[in-house]
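**Student:** pasting the structure only:
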């Protein structure tokens, strides 16, 4: 199985890098972009003209993004490139919206009429249920996250290279692995982001009306209190502001994973079965490559949004 990087330069000219020394690709349900880091043998890349990065594994395009950093070093007659790239959807977190109340809003309106970003697409939905309240400094991704929660009780994710999704994939790929096909499998718990208590001020700025304790966190002897102002995003149901924050704090809390040699085309929201996991949605994947070949790690989460 092969991997290759295709650079697009100013003017639309492309160059292909096929001699990749090592790479690491990450994609995760709560991160609105894919991330690629690679080391490669360079044949003369003009670092100042690269405008786009495409990354293929086994002929499948899994990353399309911008250059965060591209360094080419020459030593003893050999040129080595070092690349860091995030997909174009990372700019959903880098663009702020005009503050205010937006009613009759859908993902179609939010993505098509507000801040168009190159190559970033979205699922087609004209559902205008609910509203969003954009606070000073809020990003487009913040608005998407709040709208997805109000409409479906879910958190948005990226499918394909740069496609924003609210709902689960309607026609997911299905993958199943036997113990003999796996390199490893395991379980993980991460408690570093868990919050035990949330407190929101009322309309007068006073605390004590809106509180939430997460017993699953407190029973682990974790004490982390968070106070915040009245969230106008959820005036229709103030307690939802606390529930949303609690669910987000629990993201990726429990993880079950497996790894195998190669890459078979999995994506976020596809279905996987292995070990004790039976027909669950994929929440994260990590693909690495080096001297020993290409290895894919798949993860399913058991938290407040996934599975």
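**Tutor:** All right, it came through fine. Computed from a predicted structure; not experimentally measured. Numbers count the residues shown, from 1 in each chain.
**Student:** now the helices: where do they sit in the chain?
**Tutor:** For the chain, applying DSSP state H gives helices covering 107-113, 140-152, 215-218, 239-249.
**Student:** show me what the second one is packed up against.
**Tutor:** Yep, that's helix 140-152 we're talking about. helix 107-113, strand 131-134, helix 239-249 (3 or more C-beta pairs under 8 Å, 6 or more residues apart in numbering; DSSP states H and E). Bear in mind the C-beta positions are built from the backbone N, C-alpha and C, glycine included.
**Student:** export those to TSV and tack on distance to residue 144, mean neighbour count and mean pLDDT?
**Tutor:** Formatted as TSV, the helices and strands packed on helix 140-152 follow (distance: least, C-beta to C-beta, whole Å; neighbours: other C-beta atoms under 10 Å; pLDDT from 0 to 100):
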stretch	distance to residue 144	mean neighbour count	mean pLDDT
helix 107-113	7	16	93
strand 131-134	9	19	93
helix 239-249	13	18	97
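**Student:** JSON lines for those, including distance to residue 203?
**Tutor:** Formatted as JSON lines, the helices and strands packed on helix 140-152 follow (distance: least, C-beta to C-beta, whole Å):
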{"stretch": "helix 107-113", "distance to residue 203": "27"}
{"stretch": "strand 131-134", "distance to residue 203": "14"}
{"stretch": "helix 239-249", "distance to residue 203": "13"}
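**Student:** export the helices of the chain to CSV and tack on distance to residue 180?
**Tutor:** Output for the helices of the chain, formatted as CSV (distance: least, C-beta to C-beta, whole Å):
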stretch, distance to residue 180
helix 107-113, 42
helix 140-152, 38
helix 215-218, 36
helix 239-249, 37
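**Student:** residues in contact with residue 128?
**Tutor:** Residues in contact with residue 128, defined by C-beta atoms under 8 Å, 6 or more residues apart in numbering, are 104-106, 109.
**Student:** hmm, 6 Å instead?
**Tutor:** 104, 106 (C-beta atoms under 6 Å, 6 or more residues apart in numbering).
**Student:** how far away is it from residue 231?
**Tutor:** Using C-beta to C-beta, to the nearest Å, residue 128 is found at 21 Å from residue 231.
**Student:** what's the answer for residue 111, then?
**Tutor:** Applying C-beta to C-beta, the value for residue 111 to residue 231 is 23 Å.
**Student:** residue 73 now?
**Tutor:** 48 Å.
**Student:** looking at those two, which has the bigger crowd around it?
**Tutor:** residue 231 (19 against 10; other C-beta atoms under 10 Å).
**Student:** pull the contacting residues for the closest residue to the more buried one other than its chain neighbours.
**Tutor:** Once flanking residues are discounted, residue 231 sits nearest to residue 241: 3.9 Å by C-beta to C-beta, 6 or more residues apart in numbering. With contact set as C-beta under 6 Å, 6+ apart, residue 241 has these partners: 200, 231, 234.
**Student:** residue 95 versus the residue nearest to residue 159 when sequence neighbours are not counted, what's the distance?
**Tutor:** Excluding its sequence neighbours, the residue lying closest to residue 159 (C-beta to C-beta, 6+ apart) is residue 165, at 4.8 Å. Using C-beta to C-beta, we find residue 165 at a distance of 19 Å from residue 95.
**Student:** what about the helices of the chain, which gets the closest to residue 24?
**Tutor:** helix 140-152 (23.3 Å; C-beta to C-beta).
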